[in-house]
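Student: Just a sequence and a predicted model for now, questions to come.
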Amino acid sequence: MTEVLQSTPDREELILNMGPHHPSTHGVLRFIVHTDGEIMRKAVPDVGYLHRGLEKIAELQTYPGYMPFTDRINYLEVMFTNMAYATAVEKLLGTEVPPRAEVLRVLVCELNRIASHQITLGCITMDLGAFTPFVHLLRERERINDLMEALCGNRLTFNYMRIGGVSQDVPDEWLKQLEAFLDHFEPVIDEFDSLISYNEILIKRMGEVAVICAEDAVGFGLVGPNLRASGVDWDVRRDLPYGAYPQMDFQVPVGMGEKGTVGDCFDRFIIRVEEMRQSCKILRQCLANLPEGDIKAKVPKMPRPPKGEVYSCVEGARGELGVYLISDGTPKPYRLKWRTGSFAGLSIIEHISRGLMIADLVAVIATLDVIAPEMDR
Amino acid sequence: METLSNYIADYLELSGLAREILYAVLIVAVAAGVFMVALTISGLLTLAERRVAGRIQSRVGPNRVGPLGLLQWLADGLKLIMKEDLVPAAADGPLFRLAPYLVIVGVFAAFVSVPFGQLLIAADLNVGVIYLLAITSLVTVGVLMSGWASNNKWSLLGGIRAAAQIVSYEVPAVLAVLSVVLLSGTLSMQGIIAAQGGWPWHWYLFHNPFTFLAFFLYFTAAVAEGNRTPFDLPEAESELVSGYNTEYSGMRFAGFFLGEFANIYLMSAIATTLFFGGWQIPGVTPEQQATSWGLQLVGLLIFVAKASIGCFVVIWLRWTFPRLRVDQLMSVCYRYLVPLSLLCLAANAVYMLLIPAGSMIDRIIHYGTAAFGGLVGLIFLWRVFHHIRSVGDRLDLNVLARGQKGRFDPRIQARRYGKFRKKRYSKETG
Amino acid sequence: MGSFSEYLANIGRSIVTLGDGLAVTFSYLLRKPFTIQYPDRTEKPVVAMLPERSRGILEIDINVCTGCSICAKQCPIDCIHIEVVKDEETKQRVLKRFDIDVAKCMFCGLCVEACPVSGLRHTHEFEGSMSDVHRLMLSFVDKPQPVAKPAKKDEPAPETKPVGSIVRKLLADWWKPANPTSGGPR
């Protein structure tokens, strides 16, 4: 960072400071942008403005006590962070999760994936100048928030999962409400498509822009929708199955280069629309085959996992969300490390930024779905 | 103006210097009147924009200040006046202070030759159209000046974008307007309206397929000149923070803001004049209209209604479309709009040569174009209802929805919102 | 001529896709708004509209509290402060202080799950804005009182006050000016 700021630029170069308080940097994220008029030479990201030391906090908390903090890793994929942490501790403890809890976990995760993609898609369109699709998706997300509040009592920081299961069973009528939501939401995705997805201006703004080839995507460690948009068919849910996902039947959408080249911004956009459809499909299967039984395995109140280390990952809305956990036999973790998709997504921006326009940088940040709290932790 | 002045002078039997003084006073009075009208219109448009945006986004919009929120724009204006007028230390002070006035003057001066009614026009210039196109170019100077003088890189980018955009889009706009000028044979706003008629098939919009196209070209170019979405690159909230007006606050910011909204009304009014028959009442000739005050009023209402629909469309566009990129903006202008408007101009000239005005073919083409326009409208309506049905929503025509009235004792809430509300509620509940 | 047909196709596609987008937004002009007008134009108070499990401001019914302090141990951020002392005369354990720092609380619900007598619970109250952050320290014990005995297995669980009534009273007290017990800075 310092050498970027101190190096004497060419006489033709304009250095712009984008962020940390910029409308389209999604939280507090900063870019040093070298431009020649509108065309960028380089955009160097600067991270750390939202560092809260959530990995260090884990070392001071008991295993169950850290669960609410995982809500704060990423305010958009709370269920996934919950689940990644819970599965990691369960692997250490060797706990078997009851089947009903497993299906409930998949259910809430997919519901959360829809909510997260709604925000992402909305932010993409908003950063490209269309405000209404964002508000429409926010309205649909409100319905999910209501469902979540009825299920676990909070709208954003769910804290729903526990080591060995989930905290509460579904309330009465909740499954019916969920089904009603799905019946309502599936046509709304189509409406969203006719409102904005295939809008010619949006296609022009995103097609052929900031193409990430498969080699680069793998090289920079992109995960999730960003990786799949580049044509790499990899999904943790299918390829490293966990929880109740092996029982589910779903497709993994991969970037096709529908309006340009494989791996352009439009692929990253449309793949998320498709994933929302697939999540609806999974949710319907969960509703159809929700087994009866316990929702939580027997786990001691203050678990002391045996010495050892474990890596556990789930497919979050931003791709592989991993937890690396070391236990030293005490009630508190020895070390915990999060591996999040946003950080990898951010790291590639400098590489692909050359030759883009300032307006494209906004599209790139939005379609890579960079979320500042997840990046800085 | 001059006729009015002469009329009053004759009535009071004035002569010489007194006549001149009266004329001067009248000019100032009319200028102030036009300014107030334009100010009110742009104020109301800010409210309209927020209400329409709210409704499009499943919200309600501002509805608390005054009946239906109609006084919201006054409250906003008051707030902006009270705010501190900040001039950044590094800014070029005089230019920074001057820029908003150029924008306001550029737009508001154009209102002088907007024909609100047959007799209600401040100055029916014989070069009306040219005057309008020329005076609004002052906005370019103001915007570029503000972008430069702010001494902010984002503002500079915004200002440069704005200058490039407005200058480029003048070309298709003028070419599209020339089509109409060609048909009517006059540059005077009143003359252009008088050459049209009351019914839709008498409008220049449906005169022939090429004027139909010319209207859309003019409208697109005008939206771009007004820096509105999808061409709002100079402001581009998500890219340039707020573009050329990033550093402005208080009343100077309001100057840009009012200029923008007055511009929307202006372009709608010009479109109404050029393509939609202005104040013409269906089935009433201009001669009949000139004799009756009642018909004059109807004409005024018709003009305002048409212009308001135009404003609505501009607002509606803003809340639907994403923004273009700089290079795409230029390619839209020079690859699509300019060639097409040249085509329109040439085709209209050929049309006038080949088809004599008032002949059978001429009329058939009018009716045909109008029918085509109607068909497009019907297809659009079908899509609208298709979308409502597909999601399973119900039609709700309560467009001014105030929200549900509270049905519980508001004193429960009053505790939480302090004394002000407590007083109001205690009055309401006795 | 390929490029010219592409040129026309571009125009046609733009008109169709943009027009359809306009139809969607126009259709929303004819639909009901989704929002409610918080706080005063709703059918009932928002607090009453929340689902049953909604996690609002914490409250404790001190008449059933056994002073076991499990909640304070469970709390990951130590926002519950409990002080239990032994009364020298009566040899009874006395609850001297039960404070919940609502400013710190993150509404995770771990303490409520842990409470063995269900005395600690989440209310639906969420409107607790204060001009001073220290006033968000809720004190539930006015004067020291002996702790409750845990109910035996065959006994019915002790009656608790209606959920939310205690917190509502505390919040209402806050708004009274110059209230010495309104939880000033400690």
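Tutor: Looks like it arrived, so ask away. Residues are numbered from 1 along each chain as shown, chains lettered A, B, ... in the order given.

Student: How about residue 196, nearest residue that isn't a chain neighbour?
Tutor: Picked chain A for this. If the residues on either side of it in the chain are set aside, A:Ile196 comes closest to A:Pro133, at 4.4 Å by C-beta to C-beta, 6 or more residues apart in numbering or on different chains. The C-beta positions use only the backbone N, C-alpha and C, and glycine is treated the same way.

Student: Can you look at chain B instead?
Tutor: The nearest residue in space to B:Gln196 (C-beta to C-beta, 6+ apart) is B:Gly277, at 4.2 Å.

Student: The closest residue to chain A within the stretch 201-350 of chain B: helix or strand, and which one exactly?
Tutor: Nearest to chain A, among the residues of the stretch 201-350 of chain B, is B:Arg323, at 2.9 Å (C-beta to the nearest C-beta). In this structure, B:Arg323 is located outside every helix and strand according to DSSP states H and E.

Student: The closest residue to it other than its chain neighbours: what's it in contact with?
Tutor: Distance criterion C-beta to C-beta, 6+ apart; nearest residue to B:Arg323, sequence neighbours excluded, is A:Gly129 at 2.9 Å. In this structure, A:Gly129 makes contact with B:229-230, B:232, B:236-238, B:321-323, judged by C-beta atoms under 8 Å, 6 or more residues apart in numbering or on different chains.

Student: Neighbour count, secondary structure and pLDDT for these - can I get that in CSV?
Tutor: Conversion of these to CSV gives the following (neighbours: other C-beta atoms under 10 Å in any protein chain shown; DSSP: H, G, I helix; E, B strand; the rest coil; pLDDT from 0 to 100):
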residue, neighbour count, secondary structure, pLDDT
B:Thr229, 24, coil, 78
B:Pro230, 24, coil, 84
B:Asp232, 23, coil, 83
B:Ala236, 26, coil, 73
B:Glu237, 17, helix, 72
B:Ser238, 23, helix, 72
B:Phe321, 27, coil, 88
B:Pro322, 29, coil, 88
B:Arg323, 25, coil, 87
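
Student: closest to A:Gln247 among those?
Tutor: B:Pro322 (40.0 Å; C-beta to C-beta).

Student: before we move on, the earlier item: is it true that the residue nearest to B:Gln196 lies in a helix?
Tutor: No. With DSSP: H, G, I helix; E, B strand; the rest coil as the criterion, B:Gly277 is located in coil rather than a helix.

Student: Report the contact partners of it.
Tutor: For B:Gly277, the contacting residues are B:193, B:196-198, B:200, B:202-204, taking C-beta under 8 Å, 6+ apart as the criterion.

Student: And the furthest pair within those residues?
Tutor: Between all members of the contacts of B:Gly277, the longest pairwise span (C-beta to C-beta) is found for B:Ile193 and B:Pro200 and amounts to 14.5 Å.

Student: ranges for the strands of chain C?
Tutor: Across chain C, reading from the start of the chain, the strands by DSSP state E fall at C:58-60, C:80-86, C:93-101, C:120-122, C:137-139, C:145-146.

Student: Which stretch among those is buried most, on average?
Tutor: Of those, the one with the most neighbours on average (mean count of other C-beta atoms under 10 Å in any protein chain shown) is strand C:58-60, at a mean of 25.

Student: State the phi and psi torsions of the residue lying closest to A:Ala344 once chain neighbours are set aside.
Tutor: Distances taken as C-beta to C-beta, 6+ apart put A:Gly221 closest to A:Ala344, at 4.3 Å, once the chain neighbours are dropped. Note on A:Gly221: its backbone torsions stand at phi 70, psi 30 [degrees, to the nearest 10].

Student: burial count for A:Gly221?
Tutor: Using other C-beta atoms under 10 Å in any protein chain shown as the criterion, A:Gly221 is surrounded by 16 other residues.

Student: and the gap between it and C:Ile100?
Tutor: The span separating A:Gly221 from C:Ile100 equals 43 Å under the rule C-beta to C-beta, to the nearest Å.

Student: Tell me the helices and strands packed up against the worst-scoring helix or strand of chain C on mean pLDDT.
Tutor: For chain C, counting by mean pLDDT, DSSP states H and E, helix C:165-175 ranks last in confidence among helices and strands (a mean of 71). Under the contact definition 3 or more C-beta pairs under 8 Å, 6 or more residues apart in numbering or on different chains; DSSP states H and E, helix C:165-175 sits against strand C:58-60, strand C:137-139.

Student: Same list (those strands) but as JSON lines, adding mean pLDDT and distance to A:Glu200.
Tutor: JSON lines is the format used below for the helices and strands packed on helix C:165-175 (pLDDT from 0 to 100; distance: least, C-beta to C-beta, whole Å):
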{"stretch": "strand C:58-60", "mean pLDDT": "85", "distance to A:Glu200": "53"}
{"stretch": "strand C:137-139", "mean pLDDT": "80", "distance to A:Glu200": "57"}
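
Student: could you say which helix or strand contains B:Met145?
Tutor: Per DSSP H and E: B:Met145 is located in helix B:138-149.

Student: Report the rounded mean pLDDT for whichever helix or strand comes after that helix.
Tutor: Tracing the chain past helix B:138-149, the next element assigned as helix or strand by DSSP H and E is helix B:153-184. When pLDDT is averaged along helix B:153-184, the result is 87.

Student: what is the rounded mean pLDDT of the helix or strand following helix B:153-184?
Tutor: As assigned by DSSP H and E, the chain's next helix or strand after helix B:153-184 is helix B:189-194. In this model, helix B:189-194 has a mean pLDDT of 84.

Student: surely A:Leu128 meets B:Arg323?
Tutor: Yes. With contacts counted by C-beta atoms under 8 Å, A:Leu128 reaches B:Arg323, the gap being 6.1 Å.

Student: ok, A:Arg141 - how many residues close by?
Tutor: Other residues within reach of A:Arg141, judged by other C-beta under 10 Å, total 19.

Student: Would you mind confirming that it is in contact with A:Thr120?
Tutor: No. Using C-beta under 8 Å, A:Arg141 is not in contact with A:Thr120, being 10.9 Å away.

Student: what about B:Met251, neighbour count?
Tutor: Using other C-beta under 10 Å, B:Met251 has 16 other residues around it.

Student: Setting aside sequence neighbours, what's the nearest residue to residue 51?
Tutor: Picked chain A for this. Once its chain neighbours are removed from consideration, A:His51 has its nearest residue in A:Asp376; the separation is 4.4 Å (C-beta to C-beta, 6+ apart).

Student: Chain C is the one I meant
Tutor: A:Ala150 (3.9 Å).

Student: any residues touching the strand or helix carrying B:Val103, and which ones?
Tutor: When elements are defined using DSSP H and E, B:Val103 is found to belong to helix B:93-110. Under the criterion C-beta under 8 Å, 6+ apart, residues B:34-35, B:38-39, B:87-88, B:131-132, B:135-139, B:141-143, B:145-146, B:148-150, B:247-248, B:252-253, B:255-256, B:258-259, B:262-263, B:266 lie in contact with helix B:93-110.

Student: buried subset of the residues you listed?
Tutor: By neighbour count, with 16 or more other C-beta atoms under 10 Å in any protein chain shown, the contacts of helix B:93-110 hold B:34-35, B:38-39, B:87-88, B:131-132, B:135-136, B:138-139, B:141-143, B:145-146, B:148-150, B:247-248, B:252-253, B:255-256, B:258-259, B:262-263, B:266 as buried.

Student: ok, the residue most central in space within chain C - contacts?
Tutor: The residue lying closest to the centre of chain C (C-alpha atoms, centre = their mean) is C:Gly56, at 1.2 Å. Listed by C-beta under 8 Å, 6+ apart, the contact partners of C:Gly56 are C:47, C:50, C:107, C:122-126, C:164.
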